[in-house]
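> Predicted structure and sequence below. I'll ask about it afterward.
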Amino acid sequence: MGWTLTACLPEPDAGLHSTWQAARALLAACALPLLVGAAHGPMIVTQHGRAFEPGDLTVSVGDTVQIVNDDGELIHHAYVSSENFSFDSGDQEPGSKTDVVFSMAGHFTVLCGIHPKMHLHVSVQ
Ligand SMILES: [Cu+2]
């Protein structure tokens, strides 16, 4: 009985080892895109010269776009008003940053409540 048990021991051991190796390989494969995803951070849109820059953006559902008011002493007021998604930054003081999370797929236009010529087209995929 005791001998059989000893003889069998290496097998669960080896099984455990390979499971750990598989877990490590899986972790390595998963950690890389996670790290890359974390590193790229929000997409930045500036408002210098009363214009969104870039003016066209393609993002994935759940992505964050950060709208930066780098336009001297000017106040901006970014908003989205559509059937299934809306957003309102309120008054954006000079130097302020506003995060928008595009939580659903579609085509949206970000406008400025103060400068009607400002348009930012966002395609959320
Ligand atoms: Cu504006």
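Right, received. Where do you want to start?
> close enough to count as contact, residue 88 and residue 67?
No - contact between residue 88 and residue 67 fails when scored by Cβ atoms under 8 Å: they sit 11.8 Å apart. In this view, the C-beta of every residue, glycine as well, is placed from N, C-alpha and C.
> which residues do these two both contact?
Shared contacts of residue 88 and residue 67, defined by Cβ atoms under 8 Å, 6 or more residues apart in numbering, comprise residue 78.
> Have a look at the two and say which one is more surrounded.
residue 67 (25 against 12; other Cβ atoms under 10 Å).
> For the helix or strand hosting the more buried one, report the contacting residues that lie outside it.
Assigned by DSSP states H and E, residue 67 belongs to strand 64-68. Under the criterion Cβ under 8 Å, 6+ apart, residues 42-47, 52, 57, 59, 76, 78, 89, 92, 96-102, 110, 120, 122 lie in contact with strand 64-68.
> Now restrict the residues you listed to buried residues only.
43, 45, 47, 52, 57, 59, 76, 78, 89, 92, 98, 100, 102, 110, 120, 122 (16 or more other Cβ atoms under 10 Å).
> Which of those fall in helices?
Using DSSP state H, no member of these falls in helices.
> Also near the ion: which of those, exactly?
Here is what survives when those are matched to the ion using Cβ under 5 Å from the ion: residue 76.
> If anything else comes up later, I'll come back, but that's it for now.
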